[in-house]
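Novice: I would like to see how this sequence folds:
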Amino acid sequence: MSNELKLGVNIDHVATLREARYRGLPVGEPDPVEAALVAEQAGAAGITAHLREDRRHIIDRDVRRLRDSIRTRLNLEMAVVPEIIEIALGIRPEIVCLVPEKRTEVTTEGGLDVAGNESLIRDTCSRMRDAGIEVSLFLDPDPVQVEAAARTGAEFIELHTGAYAEAFDQKRERNVELERLVAASKLAHGLGLKVNAGHGLNVRNLPLLHIVPHLIELNIGHSLMSRAIFVGLPEAIREFLAVMAGYRG
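Specialist: Okay, the predicted model is just below:
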């Protein structure tokens, strides 16, 4: 039975380019909200934006404008910190994705330690659920973390595919990472969790990811925006959707 794999477009890197020139100013280009609208028109099923504590790319006004402008699903990536939790509760995206966050990292380096912070994450999930917001937890494909996620009340996990992407050109290591993703997705599905995936995905490594069962949505940012520089955002999205089209969940 076929299962259409959805594409969530991460617009953080559009904001990164804007902030390189216009940081601290009330206007600037390129506009991540305009990119979100173009992505929707090209077939994106949702828009992902990460409001980091240091506001290095997406800033508060972007999230407010996204909430007012887009017509698909707003996925707000965020750390489990009081300030950002309150912003999410006020803006009410359809879903939040809880991620680890370090000031020194270039991008998110690994999955959330749910097992080590289960009480805090369970409380955050409860607050979001009371506000009508679904929760996804960004996880390494580790059974301990998947089992902990199932106890928090989160509806989704997002499997961190970074290790798979980094190992892609080493066949043995790549296959080990694929097996971990397959096992984690099967475990999550069996525990009643819905499964998304993302990080480091591109048109080269996506086809092999089709063996991972139960996937609902892939969240892709950097490689998609990189491709868009050369062919435009609508065409880049069409290329990714074409690679995703053969997925059978």
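Novice: Which residues lie in contact with the most centrally placed residue in the chain in this structure?
Specialist: For the chain, the residue nearest the mean C-alpha position is Asn219 (4.4 Å; C-alpha atoms, centre = their mean). Counting by C-beta atoms under 8 Å, 6 or more residues apart in numbering, Asn219 touches 8-10, 48, 75, 97, 158, 196-198. Placement of C-beta: from N, CA and C, glycine included.
Novice: Highest neighbour count among those?
Specialist: Val9 (31 neighbours; other C-beta atoms under 10 Å).
Novice: In a strand, that one, correct?
Specialist: Yes: under DSSP: H, G, I helix; E, B strand; the rest coil, Val9 sits within a strand.
Novice: Correct me if wrong: it contacts Ile237.
Specialist: Yes: taking contacts as C-beta atoms under 8 Å, Val9 lies within contact range of Ile237: 6.7 Å.
Novice: Show me where this structure has its strands.
Specialist: 6-10, 46-50, 73-78, 95-98, 134-139, 156-160, 194-198, 215-220 (DSSP state E).
Novice: one step back: who does the closest residue to the residue nearest to the centre of the chain other than its chain neighbours bridge with?
Specialist: Closest residue to Asn219 apart from its sequence neighbours, by C-beta to C-beta, 6 or more residues apart in numbering: Gly198 at 3.6 Å. Note on Gly198: beta-bridge partners by DSSP bridges are His160, Asn219.
Novice: can you pull the contacts of Gly198?
Specialist: By C-beta under 8 Å, 6+ apart, Gly198 lies in contact with 8, 10, 158-161, 218-220.
Novice: any residues touching stretch 3-15, and which ones?
Specialist: 30-32, 35-36, 39, 43-50, 57-59, 62, 73, 75, 196, 198, 215-222, 224-225, 237, 240-241, 244-245, 247-249.
Novice: gap between the residue nearest to Asn219 and Arg172?
Specialist: 24 Å (C-beta to C-beta, to the nearest Å).
Novice: cool, Arg61 as well?
Specialist: 47 Å.
Novice: Those two: which is more packed in?
Specialist: Under the neighbour definition other C-beta under 10 Å, Arg61 and Arg172 were set side by side, and Arg61 has more, 10 against 7.
Novice: how near is the more buried one to Leu74?
Specialist: In terms of C-beta to C-beta, Arg61 sits 15 Å off from Leu74.
Novice: Next, format the strands of the chain as CSV and append mean pLDDT and distance to Arg21.
Specialist: What follows is those, written out as CSV (pLDDT from 0 to 100; distance: least, C-beta to C-beta, whole Å):
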stretch, mean pLDDT, distance to Arg21
strand 6-10, 98, 21
strand 46-50, 98, 19
strand 73-78, 98, 24
strand 95-98, 98, 28
strand 134-139, 98, 30
strand 156-160, 98, 31
strand 194-198, 98, 27
strand 215-220, 98, 25
